[in-house]
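Enquirer: Pasting a predicted model and its sequence here:
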Amino acid sequence: KAGVTQTPRYLIKTRGQQVTLSCSPISGHRSVSWYQQTPGQGLQFLFEYFSETQRNKGNFPGRFSGRQFSNSRSEMNVSTLELGDSALYLCASSLLRNTEAFFGQGTRLTVV
Amino acid sequence: GDSVTQMEGPVTLSEEAFLTINCTYTATGYPSLFWYVQYPGEGLQLLLKATKADDKGSNKGFEATYRKETTSFHLEKGSVQVSDSAVYFCALQYSGGGADGLTFGKGTHLIIQP
């Protein structure tokens, strides 16, 4: 059974640009959550999608957004990138909401 | 709000030593508790979990007991190996809808020397 797949693995962007990250959950899993990991703030919850609807959102500005498709694949978008957005972005999939989460390897975003 | 506190380290031990990584939490309700492990360049892997007070989670020689009276979930292993070197995260999560995903501690960097 394939795990959680995140693409791309690495990304370098310039300040002011926007970026889209992709996450394919484990087959059959309907919930996808996103987390930001930085050395200073640690792991922080970004948002959760279930049945194509955003169910919860963490304390992040509106520049961070996402969506989920009918096949449960999810994308997150960050607009007007800032240097502080440099981080490892982790996607986690769960069978249902707030059940055991399985993480992908992450996308490392560097903003220059 | 809810929070998780753990020693950040690095914690350096010799192979075959006994390991304890402390984790305490603050929660308004009755969450499930987790330990995740992150190897260099990788995502998070679930190591073990406990869903209610006095439950003991165990996996790969690691153990942790959900202690409601002390709001703790300390991770222990009797004899560590070099391959256990990684960053360990303690986390809590509420079951059911309406919760904000996993709340993580800052992580503890564990280094095992041969």
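Expert: Thanks, I have it. Numbering: from 1, shown residues only, chains lettered A, B, ... in the order given.
Enquirer: Every contact and neighbour count from this point should use C-alpha atoms.
Expert: Noted.
Enquirer: What residues does the residue in chain B positioned nearest to chain A make contact with?
Expert: Nearest residue of chain B to chain A: residue B:43, at 4.0 Å (Cα to the nearest Cα). Residue B:43 is in contact with A:90, A:103-106, counting by Cα atoms under 8 Å, 6 or more residues apart in numbering or on different chains.
Enquirer: my read: residue A:46 touches residue A:32, true?
Expert: No: assessed by Cα atoms under 8 Å, residue A:46 is found out of contact with residue A:32, at 10.8 Å.
Enquirer: These two - which one has more neighbours?
Expert: Per other Cα atoms under 10 Å in any protein chain shown, whichever of residue A:46 and residue A:32 has more neighbours is residue A:32, with 34 against 24.
Enquirer: Find me the pLDDT at residue 26, would you?
Expert: Reading this off chain A. Note for residue A:26: predicted pLDDT of 96.
Enquirer: was after chain B, sorry
Expert: So residue B:26 comes in at 94 (pLDDT).
Enquirer: State the number of residues packed around it.
Expert: Neighbour count of residue B:26, defined by other Cα under 10 Å: 14.
Enquirer: Can you give me the neighbour number for residue 7?
Expert: No chain in the question, so chain A it is. For residue A:7, the neighbour count with other Cα under 10 Å is 17.
Enquirer: you looked at the wrong chain, it should be chain B
Expert: Residue B:7: 16 neighbours (other Cα under 10 Å).
Enquirer: For chain A, what lies in contact range of chain B?
Expert: Listed as neighbours of chain B in chain A under the rule Cα under 8 Å from any Cα of the partner chain: A:33, A:41-45, A:47-48, A:55-58, A:90, A:97-99, A:101-106.
Enquirer: Sweet, I'm off.
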